[in-house]
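J.: Would you be able to build a 3D model of this:
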Amino acid sequence: MDPYTPRVRTGGRKKNLTLSAKEYHKVTDTIASVRRNRHYVEDELVEDVDIRVHASRERRDEASFEAERSFVRAPLNSRVVSSTGHRDKGKGKARDASLYDVPVEIQEALVLEDLLYVLMGIEGTYLTYHPDSTSDDEDPLNGIRFVVAPSLDPSLRDLVERILPLATYHTAISAFIESRSHLDFGLINHALCASMRDMLKDYQTLLSQLEHAFNTSPQFTLQKLWFYVHPTLHTLSLLYLLITDLATADDPTAELSSSSSEGSDGEDDARNEALGLGGAKLKAVLSEIKTTALGVNGGASGIAVKGGEVLAILHERMQSMSGDPAARELYGALLRDAGKPYVEMVQAWIRTGKLIDPYEELLVKESKFINRGTLEMDYTDEYWERRYTLRDGSTLGGSSKQHQAGVPPPRSAGGRLPGGACIPTVLERWKHKILLAGKYLNVIRECGIEIRRGPSQEDDEDLSMDDERFYKCIEDAYTHANRTLLELLLRDQQLIPRLRSLKRYFFLSQSSFLTHLLDLSHTELRKSAKSASLVKLQSLLDLALNTDAQGEDAMFREDVKVTMAGSGLYEWLLTVVNVSGLEEGDAAEGHGHAHESQKREREKEKDDKKQMLAIDALTLDYHVKFPLSLVISRKTILRYQLIFRFLLHLKHVEQSLSSMWIEHKTAPWRRPTRPRGAGPEAGRQTPQIPQPPPKDWHSEFENWRKRVFLLRARMLAFVQQILAFTTFEVLEPNWRKLEGKLEAGKVETVDQLLRDHVDFLDTCLKECMLTSSKLLRAYSRLIVTCSTFALYTASFTKSANNAIAAADTPDGDHSMAKRWDILGKFETNFNHWYVHLDCVQFYASSENVSLLPLVVRLNSIKSVP
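T.: Residues are numbered from 1 along each chain as shown. Just a heads-up that it's a prediction; the model follows:
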């Protein structure tokens, strides 16, 4: 038998009906009246509705309009959340009504009317809330489940149960839209909710049309209702699956329920009950507050499901349902709508350098506490590396501990990162270009240069993540920003002349000014580092630079300043090398013992370091302004200073040994001590009995002076070969490579420029033997021996004068043994250079091939005393 809907007629009777038209109208009007007045009629008044309905029809209709006015104006307000308080209330006689004696046609009419209400999320008479769902423990995002009255005819029950999931989906989606429209969930969630709300408007329009058909068309049946809502059922089911994924991404309720169940105690419950704190209602309120707070704050991770994470989940859903055209179209439309705020934030960042991200949803984050002021004293390059970074902590060179420190933990082991740290899959390979494009423009903007949008950018307003124009826009913005900043640095800021001036002053490419400075400040540099006057040294440096600077170098000489280091060069380098070795885990135990021994040595020599000479602490500093301070940062200046102090020490030792050579040309070193006509030859014919030859003081003194000459010459040759290798074999070739890259335009990005500059300095440090602890120890011992030997020049000259004067006295000279002892100590210490040569040969053959020229140079001066 086909389902049938009674026609609305003023007269006549249907013979196949048990009720007259008048009685039928009375029943349907009663049902409609009860439905419309459900929220505004008290329980005791519901029982009298069917008695007073016809007497107050006009007032009832007016009250119905007033009751439904809020629904007409704001359809999303009429949902289960607002009516949960009425779930447990009785319906009077309506709830006790049974359909057992009602014909199937009437059952269909009654169920059709109930369905139209239920599909709006409103409980009906014969379609009621599921008894297991309560207002306290049921999550609104799961939707409201409805059950069919058991007295409904089985032929209708099956069809009704197919339609009922639509009501669950609608209530769940409505609750999701209401909860995720909160400000804390960000712009992406707001855009997603707006798109879902538009889809629900179409759903509500469909329900209005179905209600109109129900009221006007006698042929409207349950089968027709199913025919019309069937496509919508699939659409809302897809939306329901999506909101389930979004709602359970952080799942705060599971942890809450487990913690509350584990933390319950009988005594505590009794005490709280006595104090009025243990009621079931209060616990339910507290549970709801905690759940709401966790839902807003993102559960255990502390971050809500927002930003890039929402787009990533949408993209995953679209990929997993790619076999369903309707699902792909639906999720694609949601992804386009939800991604619009994200695309707008990306465009603002890559086009103007401004980061407009009030809810921390974008893949780029800003550390506002790091500003341009940190460049003055920042040795870690924080401004460029950490001012703007990716939220997932990734860098072009791989992840580092420094960047991983601020990255939130993933939702689960190996899962997605939360919130904005989760970068949408489609932007994964573009993330570094997005970061660098905005970073470059931000530097340009902070230089006071206005960034204007080109005419082509005006046409790219309506872009989405599935549009090829969006990625072309990213590529063009990256290229433009990179080219603009490179031109700013290389042309406007004169980067190459600046680097040449650094080479002149720190690498001593034209070191006449340094020789002049050492001559002028000889007295001041003999003082301790604390006693030396920086003002006087600065004035002497300016005098030396004004005398020698010409051309390009004269423009930047005012940026060179004199300063004093806090520790000796080799001690500081050894400390750095040992600490870095410990961090890398190479020979941890051995480095630990070395660190302990060096710590004891530092404690022992603490007082000696306080009296460090000014020449050992002297270094230069170089001041540049933003944005050049990004390239010539404190991190790079420190490397320049290390190489300068190394060269300065070599130059100073070379100058001291050269001054010693001048001292050795004086009379005590050149005058013969043996009288004429006397010598060992005269005494060789007299004795006939073989006896040990007598000790000849004059020959011994001559040998002592020759040994001093020889040791000074060997030391000078060693220092000069090290200096020549450093300048001609290390610094100059590496500088030529860097300069050639910059002038030929092979450097394409600012990050590549920074990387090449730091790599150039690191290569120079490594090839200058300043990064190997073994080479440093052997080399520093040799250089300290040479400098100490040069300091004994006056002592040796005085000893020679005393020896010559004592030789003319009857007692003779008795200090020769002491002279040989002092000289022997210097020779023993300097002969350790063979150890240094062996170390150099080992590293040249195993790690650093660039040390081979040094091996050849040192072998050329190898001699046995």
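
J.: Share the number of residues neighbouring the spatially closest residue to Tyr126 that is not a sequence neighbour, please.
T.: Leaving aside its chain neighbours, Tyr126 sits nearest to Ala149 (4.1 Å; criterion: CB to CB, 6 or more residues apart in numbering). In short, each C-beta sits where N, CA and C put it, glycine included. Ala149 has 21 neighbours, counted by other CB atoms under 10 Å.

J.: what's the answer for Arg736, then?
T.: 10.

J.: likewise Gly393?
T.: Around Gly393 there are 18 residues (other CB under 10 Å).

J.: Am I right that it is in a helix?
T.: No: read with DSSP: H, G, I helix; E, B strand; the rest coil, Gly393 is coil and lies in no helix.

J.: Okay, and Val758 sits in which element?
T.: Secondary structure assignment for Val758, by DSSP states H and E: helix 750-767.

J.: for that helix, which positions count as buried?
T.: 750-751, 753-754, 756-758, 760-761, 763-767 (16 or more other CB atoms under 10 Å).

J.: The closest residue to Glu700 other than its chain neighbours - how many residues pack around it?
T.: Excluding its sequence neighbours, the residue lying closest to Glu700 (CB to CB, 6+ apart) is Met816, at 5.9 Å. The number of residues packed near Met816 is 17, by other CB under 10 Å.

J.: can I assume Met816 is in contact with Phe701?
T.: Yes: if you go by CB atoms under 8 Å, Met816 and Phe701 touch, sitting 7.0 Å apart.

J.: where do the contact lists of these two overlap?
T.: Counting by CB atoms under 8 Å, 6 or more residues apart in numbering, the contacts common to Met816 and Phe701 are Ala803.

J.: so Ala790 makes contact with Leu657?
T.: Yes: judged on CB under 8 Å, Ala790 makes contact with Leu657 at a distance of 5.4 Å.

J.: Now do the shared contacts for the two.
T.: Both Ala790 and Leu657 are contacted by Met715, under the criterion CB under 8 Å, 6+ apart.

J.: Now do the following helix or strand past the helix holding Val758: which elements does it pack against?
T.: Counting by DSSP H and E, the next helix or strand C-terminal to helix 750-767 is helix 773-791. Applying 3 or more CB pairs under 8 Å, 6 or more residues apart in numbering; DSSP states H and E, we find helix 773-791 packed against helix 569-584, helix 634-663, helix 697-724, helix 816-830, helix 833-846.

J.: what residue ranges in the stretch 151-300 of the chain score low on pLDDT?
T.: Scanning the stretch 151-300 of the chain for pLDDT under 70 picks out the ranges 251-300.

J.: Recalculate using a threshold of 50.
T.: Applying pLDDT under 50 to the stretch 151-300 of the chain flags the ranges 252-266, 270-271, 273-278, 290-300.

J.: quick one: the strands in it?
T.: Using DSSP state E, counting those that start in this stretch, the stretch 151-300 of the chain contains no strands.

J.: Can you show me the helices along it?
T.: All helices of the stretch 151-300 of the chain, identified by DSSP state H, counting those that start in this stretch, fall at 154-180, 186-216, 222-247, 252-262, 266-274, 280-297.

J.: Ser791: neighbouring residues, count only.
T.: If you look again at residue 791, you'll see it is Leu, not Ser. 11.

J.: Pull the contacting residues for it.
T.: Residues near Leu791 by CB under 8 Å, 6+ apart: Ser656.

J.: Against Glu571, how distant is it?
T.: From Leu791 across to Glu571, the span is 19 Å (CB to CB, to the nearest Å).

J.: Could you do Glu732 as well?
T.: Distance from Glu732 to Glu571, counting by CB to CB: 28 Å.

J.: Same drill for those two, tell me which one is more crowded.
T.: Glu571 (17 against 13).

J.: shouldn't the residue nearest to Tyr126 be in contact with Leu127?
T.: Yes: counting by CB under 8 Å, Ala149 touches Leu127, with 7.3 Å between them.

J.: what's in contact with stretch 707-726?
T.: Identification of contacts with stretch 707-726 by CB under 8 Å, 6+ apart yields 646-647, 650-651, 653-654, 657-658, 660-661, 664, 669, 768, 779, 782-783, 785-786, 789-790, 796, 823, 826-827, 830, 833, 853-854, 857-858, 860-861, 863, 865.

J.: Swap in 7 Å and give it another go.
T.: Residues from elsewhere that reach stretch 707-726, judged by CB atoms under 7 Å, 6 or more residues apart in numbering: 647, 650, 653-654, 657, 660-661, 664, 768, 786, 789, 796, 823, 826-827, 830, 833, 853-854, 857-858, 861, 863, 865.

J.: before we move on, what about stretch 792-802?
T.: With CB under 7 Å, 6+ apart as the contact definition, stretch 792-802 has outside contacts at Met660, Glu663, Thr666, Pro668, Trp669, Arg705, Val708, Ser815, Arg819.

J.: one more time with 6 Å, if that's ok
T.: Applying CB atoms under 6 Å, 6 or more residues apart in numbering, the contact partners of stretch 792-802 are Met660, Glu663, Pro668, Arg819.

J.: show me the contacts for the second one.
T.: This means Glu663. Counted by CB under 6 Å, 6+ apart, Glu663 has contacts Thr793, Thr797.

J.: picking up where we left off before, could you give the angle of the helix holding Val758 to helix 833-846?
T.: 140 degrees (axes from the mean of the first three to the mean of the last three CA atoms, to 10 degrees).

J.: burial measure for Glu558, as a count.
T.: 11.

J.: Could you pull up the residues touching it?
T.: Per CB under 6 Å, 6+ apart, neighbours of Glu558: none.

J.: Can you check my assumption that it lies in a helix?
T.: Yes: the assignment for Glu558 is a helix, going by three-state DSSP.

J.: how about the nearest residue to Thr788, chain neighbours excluded?
T.: Using CB to CB, 6+ apart and skipping residues adjacent in sequence, the residue nearest Thr788 is Phe826, 7.8 Å away.

J.: Count the residues that sit near that neighbour.
T.: There are 19 residues near Phe826, going by other CB under 10 Å.

J.: and the gap between it and Arg707?
T.: Phe826 sits 10 Å away from Arg707, going by CB to CB.

J.: try Ala247
T.: With distances taken as CB to CB, Ala247 is found 89 Å from Arg707.

J.: Which one of these two is surrounded by more residues?
T.: Between Ala247 and Arg707, Ala247 has the larger neighbour count (other CB under 10 Å), namely 22 against 17.

J.: quick one: the more buried one and Gly143 touch, right?
T.: No: using CB atoms under 6 Å, Ala247 is not in contact with Gly143; the gap is 10.9 Å.

J.: just to revisit the earlier point, now do the helix holding Val758 and helix 634-663, the angle between them.
T.: Inter-element angle recorded for helix 750-767 and helix 634-663: 30 degrees (by the same axes, to 10 degrees).
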